[in-house]
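Asker: Here is my input, please return the structure:
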Amino acid sequence: MEWFEQARAAEQLRDWDAAIALVSAHAECHSTDHYMHDNHLWHMDLLARAGRFSELTELALTDVHARRRLNRSLREQGMETALRGRAKDGDCDALYVFVRLLCGTDRAQEAHRAVQDLGPEDQYAHQIVARFRSPSSGAQ
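Answerer: Predicted coordinates:
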């Protein structure tokens, strides 16, 4: 698999353009071929690591893997405002990532307010906050 080795080498060199071009040519989201699907996930990861958030954002409109990788990248970069905005626009995964970020940084009250503002009917978001606030979790 020559393209695979070339893609790995480009990735190690942080030659994102080359790595992305090589991997995307062998990637398919909903493929029955698990290699094509794995390559799709690799492609999303490469886009995130390359900082290509605009491409991920565009793909996230129709691709759950792009949406999840984008939200995770926004969390890793500390881009709370962007996550909040995505959650406000109806991205439930962004809401969950945002709430976990707030709870994980000892801001459970702020997380509770975010759920009330952005997803008052979202039971899973309420459960995330409740887990962090429960005495058994060690959080307050």
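
Asker: residues in contact with the host helix or strand of Q127?
Answerer: Taking DSSP states H and E as the criterion, Q127 maps to helix 123-133. Helix 123-133 is contacted from outside by 92, 95-96, 99-100, 103-104, 108, 111-112, 115, 118-119, 137, 139-140, using Cβ atoms under 8 Å, 6 or more residues apart in numbering. (Glycine included, C-beta is placed from N, CA and C.)

Asker: try 10 Å this time
Answerer: Contact with helix 123-133 is made by 87, 92, 95-100, 102-104, 106-116, 118-120, 122, 137-140, as judged by Cβ atoms under 10 Å, 6 or more residues apart in numbering.

Asker: ok, of these, which come out buried?
Answerer: The neighbour-count test (16 or more other Cβ atoms under 10 Å) applied to the contacts of helix 123-133 identifies 87, 92, 95-100, 102-103, 107-108, 110-112, 114-115, 118-119, 122 as buried.

Asker: one step back: so of the contacts of helix 123-133, which ones are in helices?
Answerer: Among the contacts of helix 123-133, the ones falling in helices (DSSP state H) are 87, 92, 95-100, 102-104, 108-116, 118.

Asker: which ones are touching L56?
Answerer: Going by Cβ under 10 Å, 6+ apart, L56 touches 44, 47-48, 50, 63, 65-71, 73-74.

Asker: from those, which single one is nearest Q6?
Answerer: Proximity of these to Q6 (Cβ to Cβ) peaks at A50, which lies at 16.5 Å.

Asker: May I have the longest helix along the chain as PDB, with CA atoms only?
Answerer: Ranked by number of residues, the top helix in the chain under DSSP H is helix 34-49. Written as PDB, here are the backbone C-alpha positions of helix 34-49 (Å, rounded to 0.1, in the frame of the first residue of the first chain):
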ATOM      1  CA  HIS A  34     -14.100  -0.800   6.900                       C
ATOM      2  CA  TYR A  35     -10.700   0.400   5.500                       C
ATOM      3  CA  MET A  36     -12.500   3.200   3.600                       C
ATOM      4  CA  HIS A  37     -14.500   4.100   6.800                       C
ATOM      5  CA  ASP A  38     -11.300   4.100   8.900                       C
ATOM      6  CA  ASN A  39      -9.700   6.300   6.300                       C
ATOM      7  CA  HIS A  40     -12.600   8.700   6.600                       C
ATOM      8  CA  LEU A  41     -12.100   9.000  10.300                       C
ATOM      9  CA  TRP A  42      -8.400   9.500   9.700                       C
ATOM     10  CA  HIS A  43      -9.300  12.200   7.100                       C
ATOM     11  CA  MET A  44     -11.400  14.100   9.700                       C
ATOM     12  CA  ASP A  45      -8.600  13.800  12.200                       C
ATOM     13  CA  LEU A  46      -6.100  15.200   9.700                       C
ATOM     14  CA  LEU A  47      -8.400  18.200   9.000                       C
ATOM     15  CA  ALA A  48      -8.600  18.900  12.700                       C
ATOM     16  CA  ARG A  49      -4.900  18.600  13.300                       C
END
